[in-house]
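In: What follows is a protein structure lacking sequence information:
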């Protein structure tokens, strides 16, 4: 029995050995083929030499980008485009017959061992030696000499914002990619598949960013620089981005505007008018400080919304001063009559336009009623009391006239800024 078991175990061992050896041998052959091809391709290869047969020939480099993320720091005028590039070119030194290498048609090599186009961001925000545009990624090489390199890229370029129409503003940021040393006669940049836009199908921060991609544009530009006689090529990518926080700013602005307008319909002699005015003043100052923190200081034009808040601040301060004077006039002025020329103006066409030509206006009925009740209760009908009522009424009319003039100015101010935003 023991001999039978020994025979069975021996047979199983032989079966395992016989089945394993071909697989191990095949794996060893694969590694040998890869190593042989690797050695043969790089044996006399110099990665400092441009891969062309004739030195006068231009090397065609196909180039395209797929954007995965972006960031715009308007305070520092910095635009970052993150994604990966698809580059391809022909290197005649990387050709082989697949039949000589067990049918192998592709191989991966470290990118630092082969020649690559020295592409950099022309309008880079940082120094080239510190902020490299392309990551170190292996290259794929086909047996016909086609080299495919798909590096991840973080291109940081200068982009000056224009916040004139904040928060409805948009800005076009331009990123230029090109060879730093090879001119257009040595490297010819070709957009892959003649693409005219950047692929944003894999953009991951469409909903998380303050800015949205509105449109993109890709073109090849040729330019001559003062340093050199030969032209240089660059792939120019334009990203037009739109701010997406308009409601966060517009709704509070509308509320503040309504509060300011409401103060003009409160009778001048009421303390509530002064309280609401001070509250509006605090809101305006708070938002102006906010704009100072979030908007770039070097903006060429003053943002319209900042201009609107500045003008509103002037109107609110003027309204507060007018209210203080009105309270003083109606409560303390008992014998000092307003200047005659002011009373004559308000009793004429100007007063009619402002609605204060009548002796008692709707805005000062409360004051008149209080004075009338006071007179009725005291049963005083002498000329002095009547004169006091008339003087207070005149001062009240002046206060109402000032308020309505400021209301007209503020309405005009609002209309101007609305038209500017829409235009």
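Out: That came in fine, so what should we check first? On a predicted model such as this, the values are computed, not experimentally measured, just so you know. Numbers count the residues shown, from 1 in each chain.
In: for this structure, longest strand please?
Out: Counting by DSSP state E, the longest strand found in the chain is strand 78-95.
In: In terms of secondary structure, what does that strand contact?
Out: strand 59-73, strand 144-149, strand 152-158, strand 170-179, strand 231-243 (3 or more C-beta pairs under 8 Å, 6 or more residues apart in numbering; DSSP states H and E). For every residue, glycine as well, the C-beta is placed using N, CA and C.
In: What average pLDDT does it get?
Out: Looking at strand 78-95 alone, the average pLDDT works out to 93.
In: buried ones in it?
Out: Using 16 or more other C-beta atoms under 10 Å as the test for burial, strand 78-95 gives 78-91, 94.
In: next one: stretch 255-264
Out: For stretch 255-264, using 16+ other C-beta under 10 Å, the buried residues are 256, 257, 259, 260, 263, 264.
In: sorry, back to before: need the helices and strands packed on strand 78-95 in a markdown table (columns: distance to residue 185, mean pLDDT and mean neighbour count).
Out: Supplementary listing: the helices and strands packed on strand 78-95 in a markdown table, determined by distance: least, C-beta to C-beta, whole Å; pLDDT from 0 to 100; neighbours: other C-beta atoms under 10 Å:
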| stretch | distance to residue 185 | mean pLDDT | mean neighbour count |
| --- | --- | --- | --- |
| strand 59-73 | 10 | 93 | 19 |
| strand 144-149 | 21 | 95 | 16 |
| strand 152-158 | 25 | 89 | 19 |
| strand 170-179 | 11 | 93 | 20 |
| strand 231-243 | 8 | 93 | 20 |
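In: quick one: contacts for residue 209?
Out: Applying C-beta atoms under 8 Å, 6 or more residues apart in numbering to residue 209 gives the contacts 70, 71, 244.
In: Now distance to residue 316 too, for the residues you listed, in CSV please.
Out: Converted to CSV, the contacts of residue 209 look like this (distance: C-beta to C-beta, whole Å):
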residue, distance to residue 316
70, 40
71, 37
244, 30
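In: Out of the residues you listed, which comes closest to residue 309?
Out: Distances from residue 309 to those, taken as C-beta to C-beta, are shortest for residue 244 (21.3 Å).
In: Next one: the closest one from residue 168, what distance?
Out: Relative to residue 168, residue 244 is positioned 10 Å away (C-beta to C-beta, to the nearest Å).
In: Check the offset of the longest strand of the chain from the chain's centre.
Out: Here the centre of strand 78-95 is set off from its chain's centre by 28 Å, with C-alpha atoms, centre = their mean, to the nearest Å.
In: And for stretch 69-83?
Out: Centre-to-centre, stretch 69-83 and its host chain are 8 Å apart (C-alpha atoms, centre = their mean).
In: Tell me which residues are up against it.
Out: Contacts to stretch 69-83, defined as C-beta under 8 Å, 6+ apart, come from residues 65-68, 125, 152-161, 163, 171, 173, 175, 202-205, 209-211, 213, 237, 239, 241, 294-296.
In: How about the contacts made by the residue nearest to residue 211 when sequence neighbours are not counted?
Out: Beyond its immediate neighbours in the sequence, the residue positioned closest to residue 211 (C-beta to C-beta, 6 or more residues apart in numbering) is residue 241, lying 4.3 Å away. Residue 241 sits next to 70, 72, 170, 171, 172, 173, 211, 212, 213, 214 when contact means C-beta under 8 Å, 6+ apart.
In: Turn the buried residues of stretch 255-264 into CSV, including secondary structure and pLDDT.
Out: Written out in CSV, the entries for the buried residues of stretch 255-264 read as follows (DSSP: H, G, I helix; E, B strand; the rest coil; pLDDT from 0 to 100):
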residue, secondary structure, pLDDT
256, helix, 92
257, helix, 92
259, helix, 92
260, helix, 91
263, helix, 88
264, coil, 85
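In: Which member of these is positioned nearest residue 279?
Out: Using C-beta to C-beta, residue 259 is the member of those that sits closest to residue 279, with 7.4 Å.
In: Helix, strand or coil: sort out the residue nearest to that closest one when sequence neighbours are not counted for me.
Out: Using C-beta to C-beta, 6+ apart and skipping residues adjacent in sequence, the residue nearest residue 259 is residue 280, 5.4 Å away. The assignment at residue 280 comes out as helix when based on DSSP: H, G, I helix; E, B strand; the rest coil.
In: Per-residue pLDDT of residue 35, please?
Out: Confidence at residue 35, expressed as pLDDT, is 90.
In: Tell me which helix or strand it sits in.
Out: Element membership of residue 35 [criterion: DSSP states H and E] is helix 2-42.
In: ok, back up a step: can you give me the distance of the residue nearest to residue 259 to residue 286?
Out: Residue 280 sits 11 Å away from residue 286, going by C-beta to C-beta.
In: higher neighbour count, those two?
Out: Ranked by neighbour count (other C-beta atoms under 10 Å), residue 280 and residue 286 place residue 280 first, with 23 against 12.
In: Do I have it right that residue 102 meets residue 31?
Out: No - the pair residue 102 and residue 31 fails to qualify as a contact (C-beta atoms under 8 Å) at a distance of 11.2 Å.
In: Those two: which is more packed in?
Out: More neighbours surround residue 102 than the other of residue 102 and residue 31, with 14 against 10 (other C-beta under 10 Å).
In: Just name the closest of the contacts of residue 209 to residue 111, please.
Out: Distance from residue 111 was checked for each of the contacts of residue 209 by C-beta to C-beta. The minimum falls on residue 70, at 24.7 Å.
In: who does that closest one bridge with?
Out: For residue 70, the residues forming beta bridges with it (DSSP bridges) are residue 81.
In: distance of it from residue 301?
Out: Taken as C-beta to C-beta, the spacing of residue 70 relative to residue 301 amounts to 25 Å.
In: Can you tell me the centre-most residue of this protein?
Out: Centre of the chain computed as the mean C-alpha position; nearest residue by C-alpha atoms, centre = their mean is residue 211, 4.7 Å away.
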